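only geometry, no sequence info:
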């Protein structure tokens, strides 16, 4: 306390009475920090007594306690508001149940879920089974975990939740419990059950993501199995998809046939142009993209069977192939494309069989037929000539006259020889036709005689 008679009045408002006696004491908090002061003044000198000083000190102590309590109340209120804000913004639904089994508090998510359930036909049963029953078990000091429940939302979609319930404990024993007290008894008494906490955790997206991952893993496993199977096939097999025939997968035989590695996702026309590969028909004319069996299958959903093409590499090497293309409705698989529309594009499974050996065998067959036909012409001509000579010379009286059966035999031999000659000419025409050397002679004909 300070007592004095100041001659000057710094900071005293104008017109304030002259202070001749002054008594003051600081306001200290619990940490002995100065938080303010109580000041008394009087116009008479030496007005304050020791009793006044003691009274002021007591008032200052009470004022300091009141200020401290006010500060603590404000801090507690601010923390409570902060906790309430956090409690309301938690994504999970949290409900606090008192020992009597009544709802003490719930956040916005829990409140919304409860209202949605109450509006449903089975809502009361679901609330009792998945809210109050787990809470009652938690009040008996029994933890409840991962109870599954489905709740319809406002968009007529079902969302999945897991319900967990645990006892709520608040310290109730004073901090002055002797340290030598039984540890188990202390733990039990200092944390008695004051309620239950029921948490509804939304697992819809997690389960959906898990399902998508499982489906993706199964798809990749099937794709790997398909890749393993087609790798063992001797023929070229590849799967394309989309209007531009982007590659999805191909086996090793396809790479050997094309002579180059076809990257996954690259359109067919870009792959052919980049590697200088051209495709021709059996007539030797170059085929445009819409004429290719693969493009026809993915663009027009046309099934192509036993179609013949000739693949020519950049170095001039040619491979005659027989193409089979089957359209398949598959989801879009190529990476790097827009999947937002979730469209379904046509795909095609294409099998190329190298028929070089078959072409060589066919050429050898044609050569053999041509050679055999030419070789048959000479003995047939000789046979026919001697038959006619025998008949003509006998008719002229040279040699003994032929019996009737002999004449008939010679006629049969002559007719058979004519048929063999015609058959030989037909075989030669077939070889000329397959070689592209058959010459057609156009002549007028009267169709009336065939009517």
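It's in. As the structure is a prediction and not an experimental result, all values here were calculated from the model.

Would you confirm that residue 328 contacts residue 348?
Yes: if you go by CB atoms under 8 Å, residue 328 and residue 348 touch, sitting 6.4 Å apart. C-beta coordinates here come from the backbone N, C-alpha and C atoms, glycine included.

Spell out which residues are contacts of both of the two.
Common contacts of residue 328 and residue 348 (CB atoms under 8 Å, 6 or more residues apart in numbering): residue 239.

quick one, which of those two is more surrounded?
The neighbour comparison of residue 328 against residue 348 (other CB atoms under 10 Å) goes to residue 348, with 27 against 14.

For that one, which non-adjacent residue is spatially closest?
residue 297 (3.7 Å; CB to CB, 6 or more residues apart in numbering).

That neighbour contacts residue 290, doesn't it?
No: if you go by CB under 8 Å, residue 297 and residue 290 don't touch, sitting 11.6 Å apart.

Return the list of helices and strands in contact with the helix or strand hosting the residue nearest to residue 348.
Secondary structure assignment for residue 297, by DSSP states H and E: helix 293-300. Packing partners of helix 293-300 (3 or more CB pairs under 8 Å, 6 or more residues apart in numbering; DSSP states H and E): strand 236-241, strand 304-312, strand 318-331, strand 344-354.

closest to residue 62 out of those?
strand 318-331 (79.4 Å; CB to CB).

tell me what the closest one is packed against?
strand 236-241, helix 293-300, strand 304-312, strand 344-354, helix 356-395.

Comparing those, which yields the minimum mean pLDDT?
Comparing mean pLDDT over the helices and strands packed on strand 318-331, the weakest stretch is helix 356-395, at a mean of 77.

Please, where are all the helices along the stretch 51-200 of the chain?
Assigned helices in the stretch 51-200 of the chain, in chain order: 108-118, 123-127, 133-139, 183-190 (criterion: DSSP state H, counting those that start in this stretch).

so of those, which one's packed in deepest?
helix 133-139 (a mean of 20; mean count of other CB atoms under 10 Å).

which residues touch that one?
95, 97, 99, 101, 144, 147, 163-168, 193, 195-198.

cool, and stretch 93-109?
87-88, 90-92, 110-114, 131-132, 135-136, 138-139, 161, 168, 193-201.

that older thread, single out the most deeply packed of the helices and strands packed on helix 293-300.
With neighbours taken as mean count of other CB under 10 Å, the helices and strands packed on helix 293-300 reach their highest mean count in strand 236-241, at a mean of 23.

Check which helices and strands it sits against.
Using 3+ CB pairs under 8 Å, 6+ apart: strand 236-241 touches strand 246-250, helix 252-258, helix 293-300, strand 318-331, strand 344-354.

now those as CSV including distance to residue 234?
As requested, the helices and strands packed on strand 236-241 are arranged in CSV below (distance: least, CB to CB, whole Å):
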stretch, distance to residue 234
strand 246-250, 14
helix 252-258, 6
helix 293-300, 19
strand 318-331, 13
strand 344-354, 9
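
Looking at these, which is nearest to residue 81?
Going by CB to CB, the one of the helices and strands packed on strand 236-241 nearest residue 81 is strand 318-331, 51.8 Å.

Which strands border that closest one, and is each parallel or antiparallel?
Sheet pairing of strand 318-331 (DSSP bridges) gives strand 304-312 (antiparallel), strand 344-354 (antiparallel).

how far off helix 293-300 does it point, in degrees?
For strand 318-331 against helix 293-300, the angle by axes from the mean of the first three to the mean of the last three CA atoms, to 10 degrees is 20 degrees.

if we can go back for a sec, any chance of JSON lines for the helices of the stretch 51-200 of the chain, columns mean pLDDT and distance to residue 312?
Below are the helices of the stretch 51-200 of the chain laid out as JSON lines (pLDDT from 0 to 100; distance: least, CB to CB, whole Å):
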{"stretch": "helix 108-118", "mean pLDDT": "86", "distance to residue 312": "68"}
{"stretch": "helix 123-127", "mean pLDDT": "86", "distance to residue 312": "71"}
{"stretch": "helix 133-139", "mean pLDDT": "90", "distance to residue 312": "75"}
{"stretch": "helix 183-190", "mean pLDDT": "44", "distance to residue 312": "87"}
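
can you list those in CSV and add distance to residue 19?
Listed next are the helices of the stretch 51-200 of the chain as CSV, based on distance: least, CB to CB, whole Å:
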stretch, distance to residue 19
helix 108-118, 59
helix 123-127, 71
helix 133-139, 66
helix 183-190, 55
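
Residue 314 is nearest to which of the ones you listed?
Nearest to residue 314 among the helices of the stretch 51-200 of the chain is helix 108-118 (65.9 Å), distances taken as CB to CB.

who has more neighbours, residue 297 and residue 290?
residue 297 (25 against 9).

Now do that one against residue 246, distance only.
For residue 297, the distance to residue 246 (CB to CB, to the nearest Å) stands at 13 Å.

which residues of this structure score low on pLDDT?
Scanning the chain for pLDDT under 70 picks out 1-12, 154-155, 170-191, 330-345, 434-438, 451.

picking up where we left off before, could you pick out the buried ones from the contacts of helix 133-139?
Buried subset of the contacts of helix 133-139 (neighbour count, 16 or more other CB atoms under 10 Å): 95, 97, 144, 147, 163-168, 195-198.

ok, those vs residue 401, which is closest?
residue 147 (120.0 Å).

Stretch 385-399: which residues count as buried?
Per 16+ other CB under 10 Å, stretch 385-399 contains these buried residues: 387, 390, 391, 394.

The nearest residue to residue 165 once chain neighbours are set aside and residue 351, how far apart?
Nearest residue to residue 165, sequence neighbours excluded (CB to CB, 6+ apart): residue 134, at 3.6 Å. Counting by CB to CB, the gap from residue 134 to residue 351 is 60 Å.

ok, now residue 160?
Between residue 160 and residue 351 the computed distance is 45 Å (CB to CB).

Equivalent analysis for residue 277, please.
Distance from residue 277 to residue 351, by CB to CB: 18 Å.

And residue 82, by the same measure?
Residue 82 is 70 Å from residue 351, where distance means CB to CB.

how many other residues sit next to residue 75?
By the criterion of other CB under 10 Å, residue 75 has 10 neighbours.

all numbers from here: first residue = 17
Sure, I'll start numbering at 17, so the last one becomes residue 91.

how close does it get to residue 335?
86 Å.

what does residue 133 give?
Residue 133 is 69 Å from residue 335, by CB to CB.

Over to residue 416?
As judged by CB to CB, residue 416 and residue 335 stand 67 Å apart.

do residue 143 as well
Distance, residue 143 to residue 335, by CB to CB: 73 Å.

For the protein, identify the residue most remote from the centre.
Seen from the C-alpha centroid of the chain, the residue lying at the greatest distance (CA atoms, centre = their mean) is residue 413, 99.9 Å away.

Quick check: that one is in a helix.
No: counting by DSSP: H, G, I helix; E, B strand; the rest coil, residue 413 falls outside a helix, being coil.
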